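Student: Using only what follows, build the 3D model:
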Amino acid sequence: MQSPRWREIADELSFEISTGKYGPGDQLPSAAALADATGVSRLTANRALEELQRQGAVVRDGRRGTVVAPRVKRRTGRIALIVDQIDHIQNFPRPELLAGIHDGLGNEFNLLLCDAKADPKREIDLLNQMADECDGILCWSTDGSRAGDAMNRLRAKGVPLVLLDRIPDGALADAVVPDSVNATREALEYLIAEGHTRIALFTFDKPDVSTVVERCSTYEAIMAEHGLETNGLVRKFAPSLEVSDRAYFDQAVSDALFAMARSENPVTAVLCIQDLIGYAVLAGAENLGLEIPNQLEVVTFNDWPPIWLRRPWQAHRIAILPEQMGSKAIELLRAQIDGQPTEHGTCRIPAKFVAVDGLFSSDSIRTQS
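Tutor: This is a model prediction of the structure:
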């Protein structure tokens, strides 16, 4: 049996709404214009518009006519976690981070893990895809140069979004990050109190990653506060070496350490911006015959399990607390999903400075210089 003409017209308009020809707030043709366009009576055209109103697809009033109704997104029961890359060797994302998130999911949500594969374009594609397929997004971004605008567009559409660890340039979203400023200050002031004046910084050249920038700028600020020189003490390594050639990277770190430790005014401590550098510094010191921590003290931001480091008991660690980060992030995200008013702000999770106690003598520094 053939459908009534009014239903056919209603179905055609419904299809045009679903495919985006008419978006929320757009005005549909009036009953008179619709009747002229389809060759039906005004009564039939009006019946089609009434059917769309009954379905909740449109809103009709005397002032604006018939307009497409705002989209009401149905709950999917899914939350997306987009990470810059899944790394099985380095055990990322950390089980503790996932545990903190899972504890806050309850029975209402499942977690969907998405791998951006260190590709900013893929990250943006995932953000847009997950905005349609999930109720909210947690994002550990690849870098800070490209994703900020995409994130702001999603937030303007009301997509719940919380950032983890790093904040892309200009991104206006809730974020949960480690307190790198206070952690760096605590570590450096510990070293300075021990008598170190020649403290090197080994970092990656990542000017768009907010956590790296923050740690480097804090190093410069603390050293300046104490009147200590940093010229020639900062080494920046190409981030591409992390994955392209580990042997070359380890050698580059070892060469930089050799030059600094064997100079006329040698360094006596190194602050490593990340575990991969910390590992290479510990290995390089061993190859150079430097006794740690008596001849060289090493501090590393310890984002991964301590056992990943080479002889982890030798290095002071700035321990990031991923479980607390995950727990806070899901708390903020669920507040957004539930429609609770939130201000776009950054929540800093304290990092824990873990010192190697009882193995260092200040006298050993003074005898080297």
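
Student: And the contacts of stretch 52-69?
Tutor: Contacts to stretch 52-69, defined as Cβ atoms under 8 Å, 6 or more residues apart in numbering, come from residues 10, 13-14, 17, 22-30, 49. (Each C-beta comes from the backbone N, C-alpha and C, glycine too.)

Student: Just the mean pLDDT for stretch 276-286, thanks.
Tutor: The pLDDT scores in stretch 276-286 average 89.

Student: Could you export it as PDB, CA atoms only?
Tutor: Output of stretch 276-286 as PDB, limited to C-alpha atoms (Å, rounded to 0.1, in the frame of the first residue of the first chain):
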ATOM      1  CA  LEU A 276      63.800   7.900  28.400                       C
ATOM      2  CA  ILE A 277      66.500  10.500  29.000                       C
ATOM      3  CA  GLY A 278      66.900   9.400  32.600                       C
ATOM      4  CA  TYR A 279      67.600   5.900  31.400                       C
ATOM      5  CA  ALA A 280      70.200   7.100  28.800                       C
ATOM      6  CA  VAL A 281      71.900   9.300  31.400                       C
ATOM      7  CA  LEU A 282      72.200   6.400  33.900                       C
ATOM      8  CA  ALA A 283      73.600   4.200  31.200                       C
ATOM      9  CA  GLY A 284      76.000   6.800  29.900                       C
ATOM     10  CA  ALA A 285      77.300   7.500  33.400                       C
ATOM     11  CA  GLU A 286      78.000   3.900  33.900                       C
END
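
Student: In that stretch, which residues are buried?
Tutor: Neighbour counts over stretch 276-286 (16 or more other Cβ atoms under 10 Å) mark 276-285 as buried.

Student: and Glu16, what is it in contact with?
Tutor: Contact partners of Glu16, counting by Cβ under 8 Å, 6+ apart, are Tyr22.

Student: ok so it is a strand residue?
Tutor: No - looking at Glu16 with DSSP: H, G, I helix; E, B strand; the rest coil, it is helix, so not inside a strand.

Student: what's the distance between it and Arg334?
Tutor: Between Glu16 and Arg334 the distance is 35 Å, computed by Cβ to Cβ, to the nearest Å.

Student: same question, Glu229
Tutor: Using Cβ to Cβ, we find Glu229 at a distance of 48 Å from Arg334.

Student: Settle it for me: which of those two has more neighbours?
Tutor: Per other Cβ atoms under 10 Å, whichever of Glu229 and Arg334 has more neighbours is Arg334, with 20 against 12.

Student: helix/strand/coil for that one?
Tutor: Following three-state DSSP, Arg334 is assigned to helix.

Student: could we number from 7 for the rest of this?
Tutor: Renumbered: residue one is now 7, and that last one reads Arg340.

Student: That one and Ile107 touch, don't they?
Tutor: No - contact criterion Cβ atoms under 8 Å: Arg340 and Ile107 do not qualify, at 10.6 Å.

Student: What are the boundaries of the helices in the stretch 57-206 of the chain?
Tutor: Counting by DSSP state H, counting those that start in this stretch, the stretch 57-206 of the chain has these helices, from start to end: 101-111, 126-139, 153-162, 186-199.

Student: Ile88: how many residues sit nearby?
Tutor: Neighbour number of Ile88 under other Cβ under 10 Å is 25.

Student: pLDDT averaged over stretch 141-149, what's the number?
Tutor: Stretch 141-149 comes out at a mean pLDDT of 91.

Student: Check stretch 303-317 too.
Tutor: On average, stretch 303-317 scores 71.

Student: re the thing from before, in terms of mean pLDDT, which of the helices of the stretch 57-206 of the chain ranks lowest?
Tutor: Out of those, helix 153-162 stands lowest, with a mean of 86 (criterion: mean pLDDT).
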